[in-house]
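Q: Here is my input, please return the structure:
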Amino acid sequence: MSIADLGEGETVCARVQGLEILVSQVHGQFYAVQARCSHAAQSLAQGAVRGTEVTCPRHGARFDIRTGECLAAPAQTPLSRFPVFIDGGKVCLDI
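A: All right, here's what the predicted structure looks like:
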């Protein structure tokens, strides 16, 4: 996707090679983590995003969208993280 498609503080769910990935822009940096909660596989695409955290809409688990780190139960396992790079004005993921 174009970097213009993802504004500051926004997230978008993308399907890449069969994986659902949550791509975010925070403080001018782009991040990508798995888009399913590690607790109950709920999509995080509809989760509330505040600063650097996304909250699972099902049970309230919270994750750091920069690192995938689990910040609040009931989830205990971090989200998988994917390297992001910019190439020719496009946000690209290394899967």
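Q: How many residues are close by G47?
A: Counted with other C-beta atoms under 10 Å, residues neighbouring G47 total 23. (Each C-beta comes from the backbone N, C-alpha and C, glycine too.)
Q: pLDDT of stretch 32-39, averaged?
A: Stretch 32-39 comes out with an average pLDDT of 96.
Q: how far out from the middle of the chain is it?
A: 7 Å (C-alpha atoms, centre = their mean, to the nearest Å).
Q: same thing with stretch 2-20?
A: Centre to centre, stretch against its chain (C-alpha atoms, centre = their mean), the figure for stretch 2-20 is 8 Å.
Q: Test my guess that G28 contacts E8.
A: Yes - in this structure, G28 is within contact of E8 by C-beta atoms under 8 Å, at 7.1 Å.
Q: more neighbours, these two?
A: Using other C-beta under 10 Å, the more surrounded residue of G28 and E8 is E8, with 9 against 6.
Q: what helix or strand does that one sit in?
A: Remark: E8 resides in no helix or strand, with elements defined by DSSP states H and E.
Q: in the sheet, who's paired with the residue nearest to it when sequence neighbours are not counted?
A: Nearest residue to E8, sequence neighbours excluded (C-beta to C-beta, 6 or more residues apart in numbering): Q25, at 5.6 Å. Per DSSP bridges, the residues bridged to Q25 are F30.
Q: Could you count how many residues lie near S38?
A: 21.
Q: Skipping adjacent residues, who's closest to it in space?
A: Using C-beta to C-beta, 6+ apart, the closest residue to S38 is T77 (4.0 Å).
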